[in-house]
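In: Following is a predicted model, sequence given first.
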Amino acid sequence: MDYGRLLRRAWDIIWEHKFLILLGVLVALGSAGGGGGANVDIDVPPHERGPDFGFRPPDLEGEWGLPAAFIAVAAAGLIGVVLVVGVALWVVSTIARGGLIAGASAVDSGTLSDFGQAWRAGWQKGWTLLGIGVLPAIPGVILALTGLGAAAALGGMYLFRGEIGPRLANIGLVAPLVALACVLVPIGLILSLLRTFANRACMLEDLGVFASYRRGVEVLLDNFGPALILFLLQVVISIGLGIAFFLPNVVMALCCLLWPVLLLVQGAIAAYFSTLWTLAWREWTGG
């Protein structure tokens with residue numbers, strides 16, 4: 001495999017057919033995620049605390065006179081809206097992934113394509129693409145639900161007086177949860193990696209959810225060496241882009257007027273890597 005030619009060809013395709021970048025923007029919209037962290041409650045002595053700028057969160061019930069029931073309903077409604085918007089963006093992103101694959105494949109084969117045709121191709125395979133996207137999340141959902149159940153049981157165990165409750169909780173709940181995570185997390189990661197191949201099996205070979213994953217495994221195993229090199233090239237390019245665009249990204253993230261530019265850059269990167277893997281798939285499968 002001529003990796004240099006593959007990298008140049010992917011760039012030429014998205015540069016000459018900029019509707020692929022627009023599809024990449026839709027992919028980036030649904031792929032954006034915030035970082036998470038642990039909340040640690042530490043009592044810092046007053047003389048070691050930072051300056052007090054006088055900011056206090058508003059007391060909605062006391063200062064504003066809003067009833068507690070209204071606050072609870074409003075909070076639940078806001079959470080519901082956020083969830084609905086998040087799911088909608090994920091659906092649009094998933095369909096756009098399929099459109100990117102179809103559009104890049106059509107262009108590479110010499111067929112005329114545009115945004116509408118590529119989007120319709122992704123839309124027609126929407127349910128299959130959604131199924132392919134959901135499958136890697138199942139281990140995480142199982143782990144999260146198990147963790148919530150364990151947390152509830154852990155709270156109940158700590159209600160016991162003495163030391164027997166905490167000991168039973170740590171041994172009987174935490175250890176199995178860690179063991180379950182050691183099994184489910186690698187499964188989720190493997191399925192996430194295979195999703196790249198399954199999406200192309202779905203769009204380019206018209207297969208169902210599980211058949212797409214099986215076909216993806218076959219293609220990966222038959223071309224493991226080239227796929228690994230291509231993956232490492234993607235990692236190196238991503239690191240290079242991250243370093244080169246670090247300061248511009250910080251500036252654009254801090255200025256809301258520049259957010260469309262930031263999203264456009266992310267869309268171009270998403271379109272490039274998607275096209276790169278689509279071209280590789282076509283070469284591996286003789287498409």
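Out: Structure received.
In: For stretch 3-18, what does the pLDDT average out to?
Out: Across stretch 3-18, pLDDT averages out at 94.
In: ok, now stretch 145-153?
Out: The average pLDDT for stretch 145-153 rounds to 77.
In: and what of stretch 231-246?
Out: 91.
In: which residues are contacting it?
Out: Applying C-beta atoms under 8 Å, 6 or more residues apart in numbering, the contact partners of stretch 231-246 are 3, 7, 265, 269, 273, 276. C-beta: built from backbone N, CA, C; applies to glycine.
In: just stretch 277-287 next, same as before
Out: 1, 6, 9-10, 13, 100-101, 104-105, 108-109, 196-197, 200, 204-205, 219, 222-223, 226-227, 230.
In: Mind listing what's buried along it?
Out: 277-282, 284-285 (16 or more other C-beta atoms under 10 Å).
In: Please apply the same query to stretch 133-140.
Out: Here stretch 133-140 shows 133, 135-136, 139-140 as buried, counting by 16+ other C-beta under 10 Å.
In: end to end, how far does it reach?
Out: Across its full length, stretch 133-140 reaches 13 Å between end residues, using C-alpha to C-alpha, to the nearest Å.
In: who's in contact with it?
Out: Contacts for stretch 133-140 (C-beta under 8 Å, 6+ apart): 90, 94, 184-185, 187-188, 191-192, 194-195, 209, 213.
In: again, but for stretch 176-186
Out: Residues contacting stretch 176-186 (C-beta under 8 Å, 6+ apart): 139-140, 142-143, 146-147, 150.
In: Of these, just say which sits nearest to residue 256.
Out: Distance to residue 256, by C-beta to C-beta, is smallest for residue 140 among these, at 31.3 Å.
In: Low-confidence stretches in this protein?
Out: Across the chain, the ranges flagged by pLDDT under 70 are 32-68, 153-173, 287.
In: what about residue 98, distance to residue 129?
Out: According to C-beta to C-beta, to the nearest Å, residue 98 stands 5 Å off from residue 129.
In: so what's in contact with these two at the same time?
Out: 122, 199, 202-203.
In: possible to save those as a markdown table with neighbour count and secondary structure?
Out: As requested, the shared contacts of residue 98 and residue 129 are exported to a markdown table (neighbours: other C-beta atoms under 10 Å; DSSP: H, G, I helix; E, B strand; the rest coil):
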| residue | neighbour count | secondary structure |
| --- | --- | --- |
| 122 | 25 | helix |
| 199 | 27 | helix |
| 202 | 26 | helix |
| 203 | 28 | helix |
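In: Rebuild these as TSV, extending it with distance to residue 176.
Out: Output for those, formatted as TSV (distance: C-beta to C-beta, whole Å):
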residue	distance to residue 176
122	41
199	34
202	36
203	40
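In: For residue 72, state which of these is nearest.
Out: residue 122 (39.5 Å).
In: That closest one is in contact with residue 92, isn't it?
Out: No: the criterion here is C-beta atoms under 8 Å, and residue 122 misses it with residue 92 at 9.8 Å.
In: can you tell me the helix or strand for residue 8?
Out: For residue 8, the element it lies in under DSSP states H and E is helix 3-16.
In: Next, the angle helix 3-16 makes with the helix or strand following that helix.
Out: Past helix 3-16, further along toward the C-terminus, the next helix or strand under DSSP H and E is helix 19-31. Going by axes from the mean of the first three to the mean of the last three C-alpha atoms, to 10 degrees, helix 19-31 is angled at 90 degrees with respect to helix 3-16.
In: Show me what helix 19-31 is packed up against.
Out: helix 3-16, helix 68-108, helix 115-124, helix 259-285 (3 or more C-beta pairs under 8 Å, 6 or more residues apart in numbering; DSSP states H and E).
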